[in-house]
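Asker: sequence first, predicted model second:
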Amino acid sequence: MKRVAMYVRVSTTSKSRKGDTVAFDQDPAVQEVPLRQLIVQRGWQVHEVYSDRMSGSKERRPGLDRLMADAKRGRFDVVVVWRFDRFARSVRQLVNALEEFRGLGIDFVSHQEAVDTSTPMGKAMFTMIAAMAEFERSLICERVMAGIEHARQRGTKSGKALGRPRAIFRRDKAEELRKSGKSWREIADELGVGVTTVRRVFDQSCRPDL
């Protein structure tokens, strides 16, 4: 009899109702009940239910982390989830987890997507998912490299230099305003630049070696 690790996740720590029905994302029982029915139908046995109450975008989830640690200890033979997005935050994370499960000899079943890696059809589906993830990764890498090359050759998309554009104003005008008794703030406001910029340029112009 196969030992099953069931993983469920809800988005928040509170429940919400829509009429007489508890909202799907807020009640783990809505996921757990049909998963238990599936396990009974397969003649399997629940080893443990791992659960989290937090957003799927979180980098670390205690329940999921514990499940992955127990997988390495060989404590179950199958992982059953309600839906992909309850388990993984991205296609890449899903593929990495399935690769790890495959290496450990653990099957993976997703109720809603009808994916079961213990069957030939499930294995084929996993191969397709892995191929799409690799394709996505390749496209991202290609775009990043193209962007770096574009920036190296032309600066920015518009062809301008990278970084903050230099403030342009008449240095002699700044000196003239300063000699007339204007404050740094008044000079900066009149020239449309920052106080620090005005003071730096004025100081440079007053150096004997310039």
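Answerer: On my side now, so go ahead.
Asker: okay, domains of this structure per the record?
Answerer: For the chain, automatic domain parsing gives the domain ranges 3-134, 157-210.
Asker: now those domains in JSON lines, with mean neighbour count and mean pLDDT?
Answerer: Bear in mind the C-beta positions are built from the backbone N, C-alpha and C, glycine included. Supplementary listing: the domains of the chain in JSON lines, determined by neighbours: other Cβ atoms under 10 Å; pLDDT from 0 to 100:
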{"stretch": "domain 3-134", "mean neighbour count": "16", "mean pLDDT": "82"}
{"stretch": "domain 157-210", "mean neighbour count": "12", "mean pLDDT": "68"}
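Asker: out of those, nearest to Ile148?
Answerer: domain 157-210 (11.2 Å; Cβ to Cβ).
Asker: just to revisit the earlier point, okay if I get the domains of the chain as JSON lines plus distance to Val144?
Answerer: Converted to JSON lines, the domains of the chain look like this (distance: least, Cβ to Cβ, whole Å):
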{"stretch": "domain 3-134", "distance to Val144": "15"}
{"stretch": "domain 157-210", "distance to Val144": "15"}
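Asker: now the helices for the chain?
Answerer: 28-42, 62-72, 84-87, 91-104, 120-154, 171-179, 184-191, 195-205 (DSSP state H).
Asker: got the ones you listed as TSV, with distance to Val8 columns?
Answerer: As requested, these are exported to TSV (distance: least, Cβ to Cβ, whole Å):
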stretch	distance to Val8
helix 28-42	4
helix 62-72	8
helix 84-87	7
helix 91-104	16
helix 120-154	20
helix 171-179	67
helix 184-191	60
helix 195-205	56
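Asker: what's the closest of these to Asp52?
Answerer: Taking Cβ to Cβ, helix 62-72 is the member of these nearest to Asp52, at 4.0 Å.
Asker: nearest spatial neighbour of Arg185, skipping sequence neighbours?
Answerer: Val195 (5.8 Å; Cβ to Cβ, 6 or more residues apart in numbering).
Asker: please read the previous query as pertaining to Pro34.
Answerer: Using Cβ to Cβ, 6+ apart and skipping residues adjacent in sequence, the residue nearest Pro34 is His111, 6.2 Å away.
Asker: ok, the one you found - contacts?
Answerer: 34-35, 38, 80-83 (Cβ atoms under 8 Å, 6 or more residues apart in numbering).
Asker: mind running it again at 10 Å?
Answerer: By Cβ atoms under 10 Å, 6 or more residues apart in numbering, His111 lies in contact with 31, 34-35, 37-38, 80-83, 86.
Asker: dump those into CSV; add distance to Met68 as well.
Answerer: Shown next, in CSV, are those (distance: Cβ to Cβ, whole Å):
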residue, distance to Met68
Gln31, 19
Pro34, 23
Leu35, 18
Gln37, 25
Leu38, 22
Val80, 15
Val81, 13
Trp82, 18
Arg83, 18
Arg86, 15
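Asker: name the nearest of the residues you listed relative to His47.
Answerer: Val80 (10.4 Å).
Asker: how about the contacts made by the closest one?
Answerer: 4-8, 35-36, 38-39, 42, 44, 46, 49, 87, 107-111, 116.
Asker: ok, 7 Å please
Answerer: 4, 6, 35, 38-39, 109 (Cβ atoms under 7 Å, 6 or more residues apart in numbering).
Asker: bridge partners for it, pull those for me.
Answerer: Residues in a beta bridge with Val80, per DSSP bridges, are Met6, Val109.
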